[in-house]
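>>> generate a structure from the sequence data that follows.
(one chain, ligands or ions: 2)
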Amino acid sequence: MLSQSEIGIDLGTANTLVYSKNKGVALNEPSVVAIDTETKKVLAVGKDAKEMIGKTPGKIVAIRPLKDGVIADFDVTTDMLLQIMKKASKKAGFTIRKPNVVVCTPSGATSVERRAIIDAVRNAGAKKVHVIEEPVAAAIGAGLPVDEPVANVVVDIGGGTTEVAIISYGGIVAAHSIRVAGDRLDEDIIQYVRKEYNVLIGERTAERIKMEIGYALLDHERIDIEIRGRDLVTGLPKTVNLHSYEIQEAIKESLLHILEAIRATLEECPAELSGDIVDRGVILSGGGALLNGIQDWLSEEIVVPVHLAPNPLESVAIGTGKALAYIDRLPLLAR
Ligand code: ADP
Ligand code: MG
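Numbering: from 1, shown residues only. Ligands and ions are numbered 1, 2, ... in the order given. Below you'll find the predicted structure:
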């Protein structure tokens with residue numbers, strides 16, 4: 001059970017969430033920090049900082065300190081965690097002074113990358129830091145019986161990484177982590193619009209296009225939207241009409257990479273567990289699970305049932321929080 005000063009943190013490339021016992025998910029904010037480049041002061045974190053991406057004057061930069069699921073800028077990550085833990089403690093009423101923390105790490109992270117995550121959480125004020133593999137957290141958060149001897153298959157499509165894992169009896173039986181996920185789809189869209197229309201669009205516009213008219217590789221009724229960017233020839237603002245078929249083409253290759261990672265993981269499944277997968281299927285979590293049509297497309301491709309986690313954007317955070325109950329079995333890395 002969680003005591004007041006035990007919290008779970010999902011430090012994601014796109015979003016950081018804090019789970020506390022009495023509030024559940026107490027905080028969910030984009031992993032973005034706005035910094036004054038002259039004074040190095042943190043001006044805003046989370047939603048407020050994300051609003052600033054690509055819109056700030058020269059001396060303010062909005063930074064995403066995590067990339068591909070791991071820390072790209074250590075000091076900024078620490079600052080962000082500090083602010084986020086402060087905010088969460090106010091909301092949820094846990095004592096910010098030295099909480100014990102469970103934090104997840106991507107299953108593909110190196111030991112150095114893992115260590116950086118632990119150190120950043122500790123520098124932000126944690127007493128003990130426990131780590132849990134992200135797909136295990138996602139599975140626990142989605143309510144799967146991870147400590148039973150059955151195959152639980154999780155596909156978590158986040159901002160930076162897609163994690164695919166087969167979990168049975170509390171451990172990972174097979175896993176693949178690839179650095180192709182939501183951010184890559186956004187980049188694909190930016191590249192496409194640049195190449196096809198000679199128009200530059202920002203990250204936030206690309207993300208909006210993906211959410212509104214992005215489709216997995218399925219037949220669907222075409223949707224059109226109007227977007228704005230900067231004409232690369234004239235340098236002036238320009239309006240472009242986009243439709244969902246062209247965006248589907250633009251993100252196709254990345255979606256096929258994700259499919260490939262799922263196939264590769266399923267191929268490594270021990271024969272004794274294969275039957276479970278046919279019966280129980282695969283669970284999708286992470287924000288990428290919300291892409292239009294992805295559930296149907298994947299189930300067609302891998303020919304097993306594909307289910308959506310009850311709350312895809314919160315599964316990992318809920319799992320880290322619940323994992324506190326299993327804390328004795330997690331590697332204790334604090335000193
Ligand atoms: P992380 O764990 O890496 O922080 P999340 O699980 O929070 O990532 O998912 C964030 C990703 O999900 C982003 O790339 C975001 O654009 C994407 N996403 C969120 N909602 C949708 C949606 N409705 N359709 C497609 N992608 C979405
Ligand atoms: Mg995540």
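
>>> residue of the stretch 51-200 of the chain nearest ligand 2, please.
In the stretch 51-200 of the chain, the residue that lies nearest ligand 2 is residue 158 (3.6 Å; CB to the ion). (C-beta placed from N, C-alpha, C; glycine too.)

>>> pretty sure that residue contacts residue 14?
Yes. Look at residue 158 against residue 14 with CB atoms under 8 Å: they come within range, at 6.2 Å.

>>> can you list the strands that the helix or strand that contains residue 61 pairs with?
Using DSSP states H and E, residue 61 falls within strand 60-63. Pairing partners of strand 60-63, with direction, according to DSSP bridges: strand 33-36 (antiparallel).

>>> can you list the strands that the next helix or strand after the partner strand pairs with?
Using DSSP H and E, the next helix or strand after strand 33-36 towards the C-terminus is strand 42-45. Sheet partners assigned to strand 42-45 using DSSP bridges are listed as strand 33-36 (antiparallel).

>>> CA atoms only for the partner strand - export them in PDB, please.
Extracted as PDB, the C-alpha positions of strand 33-36 are listed here (Å, rounded to 0.1, in the frame of the first residue of the first chain):
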ATOM      1  CA  VAL A  33      10.000  23.200 -19.800                       C
ATOM      2  CA  ALA A  34      10.200  26.800 -20.900                       C
ATOM      3  CA  ILE A  35      13.600  28.400 -20.000                       C
ATOM      4  CA  ASP A  36      15.000  31.900 -20.300                       C
END
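
>>> and that strand, average pLDDT?
Regarding strand 33-36, the rounded mean pLDDT is 94.

>>> any idea how far whatever residue of the stretch 1-150 of the chain ends up closest to ligand 1 lies from ligand 2?
Of all residues in the stretch 1-150 of the chain, residue 12 sits closest to ligand 1, at 2.1 Å by CB to the nearest ligand atom. From residue 12 across to ligand 2, the span is 4 Å (CB to the ion, to the nearest Å).

>>> so what's that residue up against?
When contacts are counted by CB atoms under 8 Å, 6 or more residues apart in numbering, residue 12 touches 31, 66, 69, 158-160, 316.

>>> give me the contacts around the strand holding residue 61.
Contacts to strand 60-63, defined as CB under 8 Å, 6+ apart, come from residues 32-37, 43, 49-50, 52-54, 56, 73, 76.

>>> go on, stretch 85-99?
4-7, 9, 18, 20-23, 26-27, 29, 46, 124-127.

>>> mind listing which of the residues you listed are in strands?
Taking DSSP state E, the ones among the contacts of stretch 85-99 that sit in strands are 6-7, 9, 18, 20, 26-27, 29.

>>> give the contact list for the nearest residue to residue 177 once chain neighbours are set aside.
In space, and not counting its chain neighbours, residue 177 is closest to residue 108: 2.8 Å by CB to CB, 6 or more residues apart in numbering. By CB under 8 Å, 6+ apart, the contact list for residue 108 reads 69, 161, 163, 175-179.

>>> so where does residue 108 fall, helix or strand?
Assigned by DSSP H and E, residue 108 belongs to no helix or strand.

>>> pLDDT weak spots in this protein?
Regions of the chain meeting the criterion pLDDT under 70 cover residues 1-4, 94-96, 327-335.

>>> what does it put close to ligand 1?
Within the chain, the positions adjacent to ligand 1 are 12-15, 158-160, 182-183, 207, 210-211, 214, 286-288, 290-291, 313 by CB under 6 Å from any ligand atom.
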